[in-house]
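**Q** Need the 3D shape of this:
(one chain, ligands or ions: 2)
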Amino acid sequence: MAIDIRTLANAIRALSMDAVEAANSGHPGMPMGMADAATVLWTEYLRHDPADPHWPDRDRFVLSAGHGSMLIYALLHLTGYARPTIDDIRGFRQLGSPCAGHPENFLLEGVEATTGPLGQGLAMAVGMAIAERHLNAEYGDDLVAHRTWVVAGDGCLMEGVNHEAAGLAGHLALGRLIVLWDDNKITIDGATDLSTSEDVAARYAAYGWHVARCDGLDAGDVRRAIDEALADPRPSLIACRTIIGFGAPNKQGTAATHGSALGADEVAAARKELGWDYPPFEIPADIAATWLALGQRGQGEHRAWQARLDASAGRNEFLRRMAGRLPEGSTRDAYLDELAAHPQNLATRKSSELALEAINAFLPETIGGSADLTGSNNTKTKAQKPLTKDDYSGRYIYYGIREFGMGAAMNGMALHGGVIPYGGTFLIFSDYARPAIRLSALQQVRVIYVMTHDSIGLGEDGPTHQPIEQLMGLRAIPNLAVFRPADAVETAECWSLALRREDGPSLLALTRQNLPQLRLERAPEILSGRGAYRLRGADAARRVVLLATGSEVQVAVAVADALEGQGIGADIVSMPCWSLFDAQDAAYRSDILPDGVLLVSIEAGATLGWERYTGRFGLNIGIDRFGASAPGDDLMRHFGFTAEAIVPKILERLE
Ligand SMILES: Cc1ncc(C[n+]2csc(CCOP(=O)(O)OP(=O)(O)O)c2C)c(N)n1
Ligand SMILES: [Mg+2]
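**A** Ligands and ions are numbered 1, 2, ... in the order given. This is a model prediction of the structure:
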């Protein structure tokens, strides 16, 4: 006897209740409310093959309402993914289980994105949909023609980032993006009318989206709405009216089901209400078998796709790109030879552009962009055409003034694979993008942030635009490589290191102002790869080691010159990347930062943190207040970034 959709959905409901009950922690309401809509999507529409979660042309599914993680764990389990097993689900939210509190892309195949910070899943899905269209433009319908599906909650549609993301998606006409909104009118504090009265559907229509509504608890109506969305060329928002915690007779429809276990009595009552007469974590064989069979729907399409791929001339290149492997060879060494032969005194943002000219010509997978600061960030190279709704093959995205949306979209692109996104804004506005930068790092994706105007050296725009605590704050994000190169050579090296970092994001902090090229000889290795290295050793007996980054390395050179003039030996250490230095062995680190000398840091930003290298008795030259509005050179002098200001402080310490 065929199993009806409601019964299939009840398997999700039961697993969700049971897992949350066992953990005494978690969110049963959302999976119980959306179980029917999700069942329709996963058993009738979603193109996937649980046997190969990496099938490049699979549909992407993003649970933006990540607190409802049991929904995706149940779906993956029931449709036959190797993990989570039923034991994994029993271990929901416990150490060692891949069924973490919120879905983590690095713990479970089939979890396309880490979600939980509301709104960001939807915003990442926009990036996935961009990557899909871009690769479709390059490889055609035969190899790339999938959809991106999202389940979002009221919270996702309240967070500001949904505006940036949906605006971009509408502008780029990403018609293969379909968002199912769990329109349950409940959030944690209670009914949504406590805090919002906007017309979400009208707002999305204004973005250029198609909007449909359905009864999310009626499979037939969900099907109708999805069919409507599929037929419409615009991105679609489907408002699914649901009841949070559906099936729990005394608690459904209330915030009480949102984020805590229902309790034994209510779980028992829900089992009765749903007609689910089975023990916890037990799925009857016929229901499990039906789910499993429905999970295999995509196998034929997968096989047909594989045959097309195998017959395709672009096969190897396509697979290389999807695997995220860089091609053989590099343009870096030739470029570094060129800089050694013809030194360049340039702002590092300009050096970055020059490096990018070589990189973008060599790597077809880069997609650049900027949040409306293209001319300032120097992110666009000459041959890059814009990616638009009329030409998705373009490799440059005008993100508009949407720093957070840009970061999240880049995360989605990187998660999708096949492309390497980089995008620019001013370093100060890393604060606007920071939640996405954090998720780049957590998700271990190769996203490259190009952040220019990296200090008071930017000058006249004043304290609102002058980063102070940003660099240090970014260095505190685990698995984010923060690079602050000192000249054109280091900038090229740092770009190379960022591109080769497959399992994490990088951020390049670059100057607005010109800097001299300090590295004039071709080094036998990529010195920036050490994180910190001796740019110049002491001449006289060494008593001082100067540690500096970016534009302050030239200041360290002037300081060292002045000290040497007085017979005081000083090493100059350029430190473009803390985290790479920290990864060096102890012998290297203590060679660069020896005992028995005065260690001095020089960086035009917050000093907090430099003590880890200079020690308590070192000297930290920085800025622990907001900047000021004046020409950059004047500010550097005013804030003491000159040999005249720094040398006396060092002499005082040496006495
Ligand atoms: C950015 C962010 N802010 C706050 C939270 C905490 N939080 C988790 S779920 C939730 C309520 C979300 O409401 P809704 O999306 O309607 O989910 P439902 O209660 O319907 O399951 C909040 C505030 C979060 N996860 N992310
Ligand atoms: Mg809600």
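**Q** Count the neighbours of the residue of the stretch 451-600 of the chain found nearest ligand 2 for me.
**A** Closest approach between the stretch 451-600 of the chain and ligand 2, counting by CB to the ion: Ile477, at 29.7 Å. Every residue, glycine included, has its C-beta placed from N, CA and C. For Ile477, the tally of surrounding residues (other CB atoms under 10 Å) stands at 19.
**Q** A helix includes it, no?
**A** No: the secondary structure assignment for Ile477 gives coil rather than a helix, going by DSSP: H, G, I helix; E, B strand; the rest coil.
**Q** when you give positions from now on, start the count at 45
**A** With 45 as the first residue, the last one maps to Ile521.
**Q** if I read this right, it contacts Ala485, doesn't it?
**A** Yes: Ile521 sits in contact with Ala485 when judged by CB atoms under 8 Å, with a separation of 5.1 Å.
**Q** hey, what's Leu390 bridged with?
**A** With DSSP bridges as the criterion, Leu390 is bridged to Leu559.
**Q** Contacts only, for the residue most central in space within the chain.
**A** What sits nearest the mean C-alpha location of the chain, by CA atoms, centre = their mean, is Ser484, with 2.7 Å. Under the criterion of CB atoms under 8 Å, 6 or more residues apart in numbering, the contact list for Ser484 reads Gly451, Met454, Asn455, Ala458, Val491, Leu524, Gly548, Pro549.
**Q** Wait, a helix at it?
**A** Yes: read with three-state DSSP, Ser484 is one of the residues of a helix.
**Q** lowest-confidence helix or strand of the chain?
**A** helix 376-385 (a mean of 95; mean pLDDT, DSSP states H and E).
**Q** quick one: contacts of that helix?
**A** The set of residues external to helix 376-385 that reach it, using CB under 8 Å, 6+ apart, is 398-399, 402, 532-533, 536-537, 540, 561, 563-566.
**Q** Can you tell me which of those residues are also in contact with ligand 1?
**A** With the criterion set as CB under 6 Å from any ligand atom, no member of the contacts of helix 376-385 is near ligand 1.
**Q** Now, these that are in helices?
**A** Mapping the contacts of helix 376-385 onto helices (DSSP state H) picks out Leu398, Ala399, Ala402, Ala532, Val533, Ala536, Glu537, Ser540.
**Q** start to end distance for stretch 357-373?
**A** Terminal residues of stretch 357-373 are spaced 22 Å apart (CA to CA, to the nearest Å).
**Q** let me fix that: stretch 253-272
**A** Its first and final residues considered, stretch 253-272 spans 13 Å by CA to CA.
**Q** from the stretch 145-294 of the chain, which residue is nearest to ligand 1?
**A** With CB to the nearest ligand atom as the measure, the residue in the stretch 145-294 of the chain that lies nearest ligand 1 is Gly197; the distance is 2.4 Å.
**Q** number of nearby residues for that residue?
**A** 29.
**Q** Provide a list of residues in contact with it.
**A** For Gly197, the set of contacting residues under the criterion of CB under 8 Å, 6+ apart consists of Met74, Ser108, Ala109, His111, Gly112, Leu162, Trp225, Asp226, Asn228, Thr231.
**Q** so where do the strands sit in the stretch 195-344 of the chain?
**A** For the stretch 195-344 of the chain, applying DSSP state E, counting those that start in this stretch gives strands covering 221-227, 230-231, 234-235, 254-259, 280-285.
**Q** For the residue of the stretch 245-394 of the chain found nearest ligand 2, give me its contacts.
**A** When scored by CB to the ion, the stretch 245-394 of the chain has Ile288 as its residue closest to ligand 2, at 6.2 Å. Taking CB under 8 Å, 6+ apart as the definition of contact, the neighbours of Ile288 are Gly73, Met74, Met76, Gly77, Asn228, Ile230, Gln296, Gly297, Thr298, Ala299, Thr301, His302.
**Q** Now do the closest residue in space to the fifth one that isn't next to it in sequence against Asp226, distance only.
**A** The shortest distance from Asn228 to any residue other than its chain neighbours is 4.4 Å, reached at Ile288 (CB to CB, 6 or more residues apart in numbering). Ile288 sits 8 Å away from Asp226, taking CB to CB, to the nearest Å as the criterion.
**Q** shared neighbours, the two?
**A** Common contact partners of Ile288 and Asp226 (CB under 8 Å, 6+ apart): Met74, Gly77.
**Q** And whichever residue of the stretch 95-244 of the chain sits closest to ligand 2, how close does it get to Met76?
**A** Among all residues of the stretch 95-244 of the chain, Asp198 sits closest to ligand 2, at 3.7 Å; criterion: CB to the ion. Computed with CB to CB, the distance linking Asp198 and Met76 is 16 Å.
**Q** quick one: which of the two has more around it?
**A** A count of neighbours by other CB under 10 Å puts Met76 above the other of Asp198 and Met76, at 33 against 20.
**Q** near ligand 1, which residues of the protein show up?
**A** Among all residues of the chain, those adjacent to ligand 1 (criterion: CB under 6 Å from any ligand atom) are 73-74, 109, 111-112, 160-162, 197-200, 203, 226, 228, 230-232, 288, 302.
**Q** Just the ones of these in helices?
**A** Among the residues of the chain next to ligand 1, the subset assigned to helices under DSSP H consists of Gly73, Met74.
**Q** Now which of the residues of the chain next to ligand 1 would you call buried?
**A** Listed as buried from the residues of the chain next to ligand 1 are 73-74, 109, 111-112, 160-162, 197-200, 203, 226, 228, 230-231, 288, 302; burial here means 16 or more other CB atoms under 10 Å.
**Q** mind checking pLDDT for the residue of the stretch 495-644 of the chain closest to ligand 2?
**A** Here, the pLDDT recorded for Ile521 equals 98.
**Q** residues contacting it?
**A** Contacts for Ile521 (CB under 8 Å, 6+ apart) come out as Ile481, Arg482, Ala485.
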